[in-house]
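J.: quick one: sequence and predicted model below, then my questions.
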Amino acid sequence: MSQQEYVIRFENATIAYENTILSNINLQIRKGEFAYLIGKTGTGKSSLLRAIYADLPLKEGVAEVCGFNITKIKKSNIAMLRRHLGIVFQDFQLLQDRTVIDNIAFVLRATGWNNKQAIRERTMRVIEEVGLLGKENAKIFKLSEGERQRVGIARAISNEPELILADEPTGNLDPITSEQIVNLLMEICKKKGTTVFVATHDYIMIEKYRARIITIEDGKVEG
């Protein structure tokens, strides 16, 4: 398989911030693949995701994400890299006092969209895709946690990214809502061909919605 068919590729990489967090990382994730990242709390799952979106530096080795060499990426290129990514957070990181549509439009404007009509049309399309039609004018603080995570996913897919990184997306959700969120991410992967990489310790979901599993243990990445 050619390098161009990988969305994420790490070779003998070490992630360090003051101290070494993960070392000797060899990881390849293909275009259109759905994969879980598992490991105990504090093993470095979030750190690996942060390295993927160039928020933590590599000390050694090489890495490419969506065609960008992130080994020593320039600050000016980080914003360009992130236009190819959608990031879903455990704590949602939404603008609480704004509406659903405003939260998604904010991301589109930040990634270079400037036509109001195009922003409106794209925003409404992703709101429909995540099952929130009728909620577009609701303030975030009035939504349930499951609805907030759907907004987070809508925001993540709004710019049609190559790669979605989800950091414990079901961590604050009840089991039924968790199932809906994982199913939604899998549907996005299947229908759009978007690569999805989910850091989680929700083993019930992993068992029910099977996919490739990558494990972090003792500072090593395997799988």
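T.: Done, it's in.
J.: hey, let's count contacts and neighbours off CA atoms from now on
T.: Will do.
J.: ok, and what's touching the longest helix anywhere in the chain?
T.: Under DSSP state H, the helix in the chain containing the largest number of residues is helix 175-192. Helix 175-192 is contacted by residues 32-34, 130, 146, 149-150, 169-170, 194-196, 205, 209 when judged by C-alpha atoms under 8 Å, 6 or more residues apart in numbering.
J.: turn those residues into CSV, including neighbour count.
T.: CSV is the format used below for the contacts of helix 175-192 (neighbours: other C-alpha atoms under 10 Å):
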residue, neighbour count
G32, 20
E33, 19
F34, 24
V130, 21
G146, 20
Q149, 27
R150, 26
P169, 27
T170, 27
T194, 25
T195, 26
V196, 25
M205, 17
Y209, 12
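J.: average model confidence for the longest helix of the chain?
T.: Regarding helix 175-192, the rounded mean pLDDT is 95.
J.: so which elements touch the helix or strand that that helix is followed by?
T.: Going down the chain from helix 175-192, the next helix or strand is strand 195-199, by DSSP states H and E. If contacts are counted by 3 or more C-alpha pairs under 8 Å, 6 or more residues apart in numbering; DSSP states H and E, strand 195-199 sits against strand 34-38, strand 163-167, helix 175-192.
J.: contacts made by the following helix or strand past strand 195-199 with the rest, please.
T.: The C-terminal neighbour of strand 195-199 among helices and strands, as given by DSSP H and E, is helix 203-208. Where contact means C-alpha under 8 Å, 6+ apart, the residues beyond helix 203-208 that reach it are 36, 178-179, 182.
J.: which pLDDT value goes with E222?
T.: You'll see E222 listed with a pLDDT of 86.
J.: tell me how far it lies from L27.
T.: Relative to L27, E222 is positioned 8 Å away (C-alpha to C-alpha, to the nearest Å).
J.: ok, the two, which is more surrounded?
T.: Taking E222 and L27 together and counting by other C-alpha atoms under 10 Å, L27 has the greater number of neighbours (17 against 13).
J.: can you give me phi and psi for the more buried one?
T.: Backbone torsions for L27, taken as degrees, to the nearest 10, come to phi -150, psi 130.
J.: before we move on, what about A105?
T.: Backbone dihedrals for A105, given as degrees, to the nearest 10, come out at phi -60, psi -30.
J.: tell me how many other residues surround it.
T.: 22.
J.: got a list of what it touches?
T.: 119-120, 123.
J.: now a ChimeraX select for only the buried ones of these.
T.: To isolate the buried subset of the contacts of A105 in ChimeraX, counting by 16 or more other C-alpha atoms under 10 Å, use the following:
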select :119,123
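J.: what about the helices in the protein?
T.: Counting by DSSP H, the helices of the chain are 45-52, 75-82, 100-110, 116-129, 145-157, 175-192, 203-208.
J.: of the ones you listed, which approaches D218 most closely?
T.: With C-alpha to C-alpha as the criterion, D218 lies closest to helix 45-52 of the helices of the chain, at 11.8 Å.
J.: list the helices and strands that closest one packs on?
T.: Under the contact criterion of 3+ C-alpha pairs under 8 Å, 6+ apart, helix 45-52 touches strand 6-17, strand 163-167.
J.: within the sheet, what are the partner strands of the shortest one, with directions?
T.: For strand 163-167, the pairing partners within the sheet under DSSP bridges are strand 85-89 (parallel), strand 195-199 (parallel).
J.: do I have it right that I8 meets I25?
T.: No: at 11.7 Å, I8 does not count as touching I25 under the criterion of C-alpha atoms under 8 Å.
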